[in-house]
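In: only the shape, not the letters, is given here:
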């Protein structure tokens, strides 16, 4: 008979360890063993860079909290009502400003498709949504400059429109016919699928205790989420400045031709960690010689074809539609890089 009087040892759940924080810790442990003299300079660089970004981060986090608590995101569903052509234009614009993360967009899109929203408008939203949101705009403008933030926003809208009208033009073809998988209600960490056309925003959210709770929880969750990714980004930036010669970056990602832009688009998906972490890393790479056009093609391609964003599409549509999505992403990234390179004066020789 087993002895049930002895206290059981609590088992340690490795799944509760945050991978980003673990990675930061691993970097400093490795430095301590491989190059101990660089531990303090790396930490000092990362902390200093984070402190300079902190006011921008605080504003972004409070803005996200307000949007969630006030229920402003329910207005997004209105972009998918009416005639198809205006719907595509509005969906691309709203997508570039929507506060959805890659996980939250899955049940939202599932609901839109379930209630009969056209795939053209959904594709426009899908392409634009992962590229920009209010917090991303604030952070990008503060680190890479307002011009870069505006250009990326315009790129998000333009790519969404391109994808939306292409789907509309070939809606009767084999690629976009019957696009949905059988299971249109995937389970995600963000809750059940709800009708996106229901609900009204409450702009004075502080009058309701439940909404105040949403605000506090959203601010904390996003402060932790953005904070850890920025901490990792600045740690990696410190390592790059120390160990990666600027001439290496300039050789592969610099120059004034088309090749750096193509390289940025190709490397965008596999090398893209997170939209917020990419911002300071792009600033470091540009400082070390990365071409402006390559930076734009990198963040655009990575934003749409990174694993979280791609999963949101793969979860709901058939492989042929998913392939079209990736094609729009890659083409849009290259065109965005060319346009930004021409505008910034860093692209010649075409």
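Out: Structure received. Being a predicted model, the structure only gives us computed values, none of them experimental. Numbering: from 1, shown residues only.

In: enumerate the positions of the lengthiest helix in the chain that are buried.
Out: If you go by DSSP state H, the chain has its longest helix at helix 209-243. Buried positions in helix 209-243, judged by neighbour count with 16 or more other Cβ atoms under 10 Å: 211, 214-215, 218-219, 222-223, 225-240. The C-beta positions use only the backbone N, C-alpha and C, and glycine is treated the same way.

In: could you give the angle of whichever strand or helix holds residue 45 to helix 209-243?
Out: Using DSSP states H and E, residue 45 sits within helix 39-70. Interaxial angle, helix 39-70 versus helix 209-243 (axes from the mean of the first three to the mean of the last three Cα atoms, to 10 degrees): 150 degrees.

In: just checking, what packs against helix 39-70?
Out: Contact partners of helix 39-70 among helices and strands, from 3 or more Cβ pairs under 8 Å, 6 or more residues apart in numbering; DSSP states H and E: helix 19-34, helix 134-144, helix 209-243.

In: check contacts around residue 310.
Out: 269, 304, 322, 325, 326 (Cβ atoms under 8 Å, 6 or more residues apart in numbering).

In: do the same with residue 113
Out: So residue 113 contacts 119, 122, 180, 184, 316 (Cβ under 8 Å, 6+ apart).

In: now the element after the helix or strand harbouring it, going C-ward?
Out: Under the criterion of DSSP H and E, residue 113 resides in helix 105-114. Counting by DSSP H and E, the next helix or strand C-terminal to helix 105-114 is helix 119-128.

In: and for that next one, what's in contact with it?
Out: Helix 119-128 has contacts (Cβ under 8 Å, 6+ apart) with 79-80, 84, 87-96, 98, 105, 109, 112-113, 156-157, 159-165, 167-168, 171, 176, 179, 304, 312-313, 321, 325, 328-329, 332.

In: what about that helix, average pLDDT?
Out: Taken as a whole, helix 119-128 carries a mean pLDDT of 88.

In: quick check: the nearest residue to residue 283 once chain neighbours are set aside vs residue 278, distance?
Out: Among residues not flanking residue 283 along the chain, residue 143 sits closest, at 5.3 Å (Cβ to Cβ, 6 or more residues apart in numbering). Using Cβ to Cβ, to the nearest Å, one gets 10 Å for the distance from residue 143 to residue 278.

In: ok, the two, which is more surrounded?
Out: Neighbours per residue (other Cβ atoms under 10 Å) separate residue 143 from residue 278, with residue 278 holding more: 26 against 22.

In: list the contacts of the more buried one.
Out: Residue 278 touches 233, 272, 298, 299, 302, 303, counting by Cβ under 8 Å, 6+ apart.

In: the helix or strand where it lies to helix 19-34, inter-axis angle?
Out: Assigned by DSSP H and E, residue 278 belongs to helix 275-287. Helix 275-287 and helix 19-34 meet at an angle of 40 degrees, taking the same axes, to 10 degrees as the criterion.

In: quick check: mean pLDDT of helix 275-287?
Out: 80.

In: how close does the residue nearest to residue 331 when sequence neighbours are not counted sit to residue 128?
Out: Excluding the flanking residues, the one nearest residue 331 by Cβ to Cβ, 6+ apart is residue 162, at 7.7 Å. As judged by Cβ to Cβ, residue 162 and residue 128 stand 10 Å apart.

In: quick one: low-confidence parts of the stretch 1-150 of the chain?
Out: 1-16, 72-79, 99-108, 110-111, 114-115 (pLDDT under 70).

In: now do 80
Out: Filtered on pLDDT under 80, the stretch 1-150 of the chain yields the residue ranges 1-18, 53, 56-57, 59-60, 63-64, 67-68, 71-82, 98-117.

In: what sits against residue 157?
Out: Residue 157 neighbours (Cβ under 8 Å, 6+ apart): 92, 93, 95, 96, 128.

In: next, format the residues you listed as CSV and append neighbour count.
Out: As requested, those are exported to CSV (neighbours: other Cβ atoms under 10 Å):
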residue, neighbour count
92, 28
93, 19
95, 30
96, 27
128, 30
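
In: ok, these vs residue 54, which is closest?
Out: In terms of Cβ to Cβ, no member of the contacts of residue 157 lies closer to residue 54 than residue 96, at 25.7 Å.

In: that closest one and residue 130 touch, don't they?
Out: No. Taking contacts as Cβ atoms under 8 Å, residue 96 lies outside contact range of residue 130: 9.8 Å.

In: distance of residue 278 from residue 152?
Out: Separation of residue 278 from residue 152 (Cβ to Cβ) stands at 11 Å.

In: and for residue 173?
Out: Residue 173 is 31 Å from residue 152, by Cβ to Cβ.

In: these two: who's more crowded?
Out: residue 152 (25 against 9).

In: name the helices or strands packed onto the longest helix of the chain?
Out: helix 19-34, helix 39-70, helix 134-144, helix 275-287.

In: okay, buried residues for the third one please.
Out: Right, helix 134-144. 134, 135, 136, 137, 138, 139, 140, 141, 142, 143, 144.
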